[in-house]
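In: Return a 3D structure for these sequence lines:
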Amino acid sequence: MLNNVFLKGLRERRLSLSIWAVAVIAMTMLQVLLYPSIGKSFDMEAFLKNMSSTQEKAMKVFIGNINFNTPTGYLNGRLFFLMIPLLLLILAISLGSDALAGEEGRGTLDLLLSTPLCRRRAVLEKYATLCAAVLAVSIAFYIGLAVCALAVSMDISYLRMAEATFSAVLLALTFGAVALLAGAASGSKGLAIGLSAALAVGAYLINSLAAVVEGMEPWRKLSPFYYYIGDTGKSPLETGINWVHASILIGLTVVFLAATIVWFDQRDLAA
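Out: As a prediction, the model looks like this:
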């Protein structure tokens, strides 16, 4: 089993992933089942009329251009604009930072690499474990979302829900690769978490503030969040997935993963 890092990683995390899945489903149920009482009765237009233009812009930075009165607007504001990407980012960064740096901190990395397993394969299988874990939780979320949407008779595209979920997965896997790279380069799990989280927060703020601060607009396309939300401030739940943007997120992930392989392959772990 030690020679198969992918299966070993999934086996070790089966309990925590089960807890993640249950928690995400419970959170989804709470949000969706409240739609008949909150979504249909909330008057967004009246709410915005009581705000100044500055306040309205500031609010859109954090919740996007949404309309709680429609199923897509409600789910976008409650789940897809921030909540689901945030949860998947936390999961991906925690797994990515622990994959190599965690092993090194626990003193088990030498044991892992003492087998015929080469370093490159170890990196790839560690990242494959991360991908499988994020996908498993995302599938649980989608199933819970679809069932609850059906239960409250939401008029919404299940394909668009799948596209929005997949796009959030791509965003999370990008930052998971960043965490893996930071851990491989530094050997410190804490540093990997801190750096990856700081980059994620910075990327979110750049993309969000660029929507209301004209001078920041040129920097917006440097943020992976831009390729998740796009120009409109809406998730793919409303606009459909942008495959060009999805390809960019995949490309970024490949670049970070390749850098991890090169860096980890050359790093002197005895130093």
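
In: Flag the shaky bits of the stretch 101-250 of the chain, pLDDT-wise.
Out: The model of the stretch 101-250 of the chain has pLDDT under 70 over residues 231-234.

In: can we see that at 90?
Out: 102-119, 121-122, 153, 155, 187, 205-221, 229-240 (pLDDT under 90).

In: What are the boundaries of the helices in it?
Out: 103-106, 109-113, 119-151, 158-186, 189-209, 226-229, 236-239, 243-266 (DSSP state H, counting those that start in this stretch).

In: now those as a markdown table including mean neighbour count and distance to Glu12?
Out: C-beta: built from backbone N, CA, C; applies to glycine. Formatted as a markdown table, the helices of the stretch 101-250 of the chain follow (neighbours: other Cβ atoms under 10 Å; distance: least, Cβ to Cβ, whole Å):
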| stretch | mean neighbour count | distance to Glu12 |
| --- | --- | --- |
| helix 103-106 | 16 | 11 |
| helix 109-113 | 14 | 12 |
| helix 119-151 | 19 | 9 |
| helix 158-186 | 24 | 17 |
| helix 189-209 | 19 | 16 |
| helix 226-229 | 25 | 29 |
| helix 236-239 | 22 | 33 |
| helix 243-266 | 16 | 20 |
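
In: for those helices, which one sits closest to Arg14?
Out: helix 119-151 (9.6 Å; Cβ to Cβ).

In: what packs against the closest one?
Out: helix 5-12, helix 14-33, helix 71-75, helix 83-97, helix 109-113, helix 158-186, helix 243-266 (3 or more Cβ pairs under 8 Å, 6 or more residues apart in numbering; DSSP states H and E).

In: just to revisit the earlier point, between the helices of the stretch 101-250 of the chain, which one is closest to Val22.
Out: helix 119-151 (8.0 Å).

In: ok so, going back, can you lay out the helices and strands packed on helix 119-151 as a markdown table showing distance to Ala146?
Out: Converted to a markdown table, these look like this (distance: least, Cβ to Cβ, whole Å):
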| stretch | distance to Ala146 |
| --- | --- |
| helix 5-12 | 24 |
| helix 14-33 | 10 |
| helix 71-75 | 11 |
| helix 83-97 | 14 |
| helix 109-113 | 39 |
| helix 158-186 | 6 |
| helix 243-266 | 21 |
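
In: Which of those sits closest to Ala210?
Out: Short answer: helix 243-266, nearest of these by Cβ to Cβ, at 15.4 Å.

In: circling back: quick one: which of the helices of the stretch 101-250 of the chain is nearest Phe6?
Out: Nearest of the helices of the stretch 101-250 of the chain (Cβ to Cβ): helix 119-151, 4.2 Å.

In: sorry, back to before: would you turn the helices of the stretch 101-250 of the chain into JSON lines with distance to Ser18?
Out: Converted to JSON lines, the helices of the stretch 101-250 of the chain look like this (distance: least, Cβ to Cβ, whole Å):
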{"stretch": "helix 103-106", "distance to Ser18": "22"}
{"stretch": "helix 109-113", "distance to Ser18": "25"}
{"stretch": "helix 119-151", "distance to Ser18": "9"}
{"stretch": "helix 158-186", "distance to Ser18": "19"}
{"stretch": "helix 189-209", "distance to Ser18": "23"}
{"stretch": "helix 226-229", "distance to Ser18": "27"}
{"stretch": "helix 236-239", "distance to Ser18": "26"}
{"stretch": "helix 243-266", "distance to Ser18": "26"}
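
In: closest one to Leu33 among those helices?
Out: helix 119-151 (6.0 Å).

In: And the helices of the stretch 101-250 of the chain: which comes nearest Trp20?
Out: helix 119-151 (5.0 Å).

In: just how off-centre is that closest one within its chain?
Out: Computed by Cα atoms, centre = their mean, to the nearest Å, the chain-centroid distance of helix 119-151 equals 11 Å.

In: between that helix and helix 243-266, how many degrees?
Out: Following axes from the mean of the first three to the mean of the last three Cα atoms, to 10 degrees, one obtains 150 degrees for the angle between helix 119-151 and helix 243-266.
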